[in-house]
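[1] Everything below, folded, please.
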Amino acid sequence: MNPVDLSEKFSLFDEFWKPKIVAELNGQYVKLAKLKGAFVWHQHEHEDELFMVVKGRLTIQLRDRVIDLTEGQFFVIPRGVDHLPVAEEECHVMLFEPKTVLNTGNVKNERTVETLERL
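    Here you go, the predicted structure:
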């Protein structure tokens, strides 16, 4: 039961698109990730996903529209909705997700992280 310093946690890693667990509550993980470039179109059949931008800008492409987020903004992607996160420049995000969420959802590829590191 200690405060979490987001700046300190983000300083502990450099890789992009590899979420790190920083806390858990009520069956959910609080994750931090650094993003850069485009990810992969995917969806999460059973879980909602919250992206909160801590630093930078994030675009979330949906099949019917585009969501642009800046620092301090968040967006909840409902379960079953196809989405493609894109960060033109390095972006730091905090994610709130059930423990069962795979970062690539229904897609398995080289970017899938099955075992998450705890910071």
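
[2] Surely Cys91 touches Met52?
    No. Cys91 lies out of contact with Met52 (C-beta atoms under 8 Å); the separation is 11.0 Å. In this view, the C-beta of every residue, glycine as well, is placed from N, C-alpha and C.

[3] With neighbour numbers in mind, choose between those two.
    Per other C-beta atoms under 10 Å, whichever of Cys91 and Met52 has more neighbours is Cys91, with 24 against 18.

[4] In terms of helices and strands, where is the more buried one?
    strand 83-98 (DSSP states H and E).

[5] next helix or strand past that strand?
    Counting by DSSP H and E, the next helix or strand C-terminal to strand 83-98 is strand 117-118.

[6] Show me what that following strand is packed against.
    Counting by 3 or more C-beta pairs under 8 Å, 6 or more residues apart in numbering; DSSP states H and E, the packing neighbours recorded for strand 117-118 are strand 20-25.

[7] one step back: and the strand holding Cys91, what other elements does it pack with?
    Contacts defined by 3+ C-beta pairs under 8 Å, 6+ apart place strand 83-98 against helix 6-10, strand 28-38, strand 49-55, strand 57-62.

[8] and the last one, which residues are buried?
    Translated: strand 57-62. Using 16 or more other C-beta atoms under 10 Å as the test for burial, strand 57-62 gives 57-58, 60-61.

[9] from those residues, which single one is nearest Met1?
    If you rank the buried residues of strand 57-62 by distance to Met1 using C-beta to C-beta, Leu58 comes first, at 30.2 Å.

[10] Could I get the contacting residues of the closest one?
    Taking C-beta atoms under 8 Å, 6 or more residues apart in numbering as the contact definition, Leu58 lies against 35, 51, 68-69, 85-87, 91, 93.
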